[in-house]
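[1] this is a predicted model, with the sequence first.
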Amino acid sequence: MTRLTALSGARIFDGRSWHYDSTILIGDGRILDIVARHAVPADAAAERVEGGMLVPGFIDAQVNGGGGVALNDAPTAETMNRIAAAHRPFGTCRLLPTLVTTLPEVTAAALAAARSAGPAIVGLHLEGPHLDPVRQGVHDGRLMRRLGETDIDRLLAADVGRLLLTIAPEQVEPPQVRRLVDGGAIVSLGHSDARFERAMAMIDAGATGITHLFNAMSPLQNRAAGLVGAALEAGSVWCGVIADGIHVTPAVLRIALRAKRPPGRLFLVTDAMPSVGSSATSFTFGGRTVQRQGKRLTWTGDDGEPVLAGAHLDMASAVRLCVDELDVPLEEALRMASLYPATFLRLDDRHGRIAPGHAADIVHLDAALQVRRTWVSGVGA
């Protein structure tokens, strides 16, 4: 027998519009309906919050770590679940744990782990090793290489839910992108100095994403649009952005929001490191020590200069930055954290909205957009 729960006490944003004096009906972990309070069935168990808003659960497509652990250091299901637990208090209900460029055996372990991880883990993001060493960032450029046909065979046999691959256009050919996409993978372009024409060839072949737009790629220039230009010009691609005010300045993000050709949109990612959900001010990643100063994470590069090393960012903070500093309407900021990543990951038939048939992934926010409670498949925490 289905246990019916009636969740009320706040205005409700379903992903498209607001509902007032209404109740969310939940059964078997899914949204059944949004109804007027007087229409709640008598047998429903009442669950009430006090004010604020109930919004769709956030979805993060790029999470390197959290709770003091990084996927690269321990590519296990336990690590993935610990990362998910660290991000849930900040509204993230589903995520892709992200593995940066590493050895083949570590990648194989992460692929296996993703198959047995908990329900918050909807797949795996492999950010490398098929990237351009010229734009390596925190990755180990010595391990970067071209994509081979045997790589594609292995990836398409992985069966990990949503498999997101960040690949540099320089390290792949259009028929390979097409084969990956036809096999069910999602291809995102990043860590690249590719020319505009090369990037567009990959988009024409089926690439639908851009990984952390503006970061680890050549800048937009008047006679060299590059990957940034392709990202903004191509309506079919969705662009992840690290909205922490550090990786990309607010002014540039505002320009990008105005310039992006639809239907693809900008969506929020954290690129989070182990420090999120942890009190640690330093940690080791890739054999180097990363220091946290406020919200900035850096390590010392080979030239002695500080290098950004991922982000100390959670999704709720990114939503607040969009509203407070980017002049983004609240509704659009919430979509950037839920519906848009769900659409990019081809999960919008079950995630990203509060709508009948969707998973009951819900975040309770107060007036200051601080997370008060979350529900994943109807289970509150």
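    In hand now; what should we look at?
[2] gap between the residue lying closest to Ala342 once chain neighbours are set aside and Trp375?
    Nearest residue to Ala342, sequence neighbours excluded (Cβ to Cβ, 6 or more residues apart in numbering): Gly352, at 2.9 Å. The way it works is simple: take the backbone N, C-alpha and C, and place the C-beta from them, glycine included. Going from Gly352 to Trp375 by Cβ to Cβ, to the nearest Å gives 15 Å.
[3] more neighbours: those two, which one.
    Set Gly352 next to Trp375 and count neighbours by other Cβ atoms under 10 Å: Gly352 wins out with 27 against 23.
[4] what sits against the more buried one?
    By Cβ atoms under 8 Å, 6 or more residues apart in numbering, Gly352 lies in contact with Gly15, Pro56, Ile59, Ser338, Leu339, Tyr340, Pro341, Ala342, Thr343, His358.
[5] do that again at 6 Å, thanks
    Contact partners of Gly352, counting by Cβ atoms under 6 Å, 6 or more residues apart in numbering, are Pro56, Ser338, Leu339, Ala342.
[6] show me where this structure has helices.
    Using DSSP state H, the helices of the chain run over 77-87, 104-114, 149-156, 174-182, 196-205, 226-233, 250-259, 315-325, 330-337, 339-344.
[7] of those helices, which is nearest Leu220?
    Judged by Cβ to Cβ, the one of the helices of the chain that comes nearest to Leu220 is helix 226-233, at 4.3 Å.
[8] now do that closest one, average pLDDT.
    For helix 226-233, the mean per-residue pLDDT is 98.
[9] cool, stretch 197-209 as well?
    Averaged across stretch 197-209, the pLDDT comes to 98.
[10] ok, and the most crowded of the contacts of Gly352?
    Highest neighbour count within the contacts of Gly352, by other Cβ under 10 Å: Ser338, with 32 neighbours.
[11] go ahead and confirm it touches Ala61.
    No: contact criterion Cβ atoms under 6 Å: Ser338 and Ala61 do not qualify, at 11.6 Å.
[12] count the neighbours of Gly148 for me.
    The burial count assigned to Gly148 is 12, neighbours taken as other Cβ under 10 Å.
[13] next: Pro219.
    Using other Cβ under 10 Å, Pro219 has 12 neighbouring residues.
[14] for the one 4 residues further on, same thing?
    Here the count is done by other Cβ under 10 Å, and Arg223 has 5 residues near it.
[15] how far away is it from Gly229?
    11 Å.
[16] cool, and Val181?
    Relative to Gly229, Val181 is positioned 22 Å away (Cβ to Cβ).
[17] more neighbours: which of these two?
    Regarding Val181 and Gly229, a neighbour count based on other Cβ under 10 Å identifies Gly229 as having more, with 19 against 16.
[18] does the more buried one touch Asn222 like I think?
    No: applying Cβ under 6 Å, one finds Gly229 not in contact with Asn222, separated by 10.3 Å.
[19] quick one: furthest residue from the center of the chain?
    Most distant from the centre of the chain: Ala42, at 38.8 Å, with distances by Cα atoms, centre = their mean.
[20] residues touching it, list them.
    Contact partners of Ala42, counting by Cβ under 6 Å, 6+ apart, are absent.
[21] go again using 10 Å as the cut-off
    Ala42 is in contact with Leu4, counting by Cβ atoms under 10 Å, 6 or more residues apart in numbering.
[22] pull the CA atoms of stretch 305-318 into CSV?
    Written as CSV, here are the backbone C-alpha positions of stretch 305-318 (Å, rounded to 0.1, in the frame of the first residue of the first chain):
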residue,chain,number,x,y,z
GLU,A,305,52.7,30.9,-8.8
PRO,A,306,49.3,29.9,-7.2
VAL,A,307,47.0,27.8,-9.5
LEU,A,308,43.2,27.5,-8.9
ALA,A,309,42.6,23.9,-7.8
GLY,A,310,38.9,23.3,-8.1
ALA,A,311,36.3,25.1,-6.0
HIS,A,312,35.2,25.5,-2.4
LEU,A,313,31.6,25.9,-3.6
ASP,A,314,28.2,24.4,-2.9
MET,A,315,25.1,24.7,-5.1
ALA,A,316,23.1,26.8,-2.7
SER,A,317,25.9,29.4,-2.7
ALA,A,318,26.0,29.4,-6.5
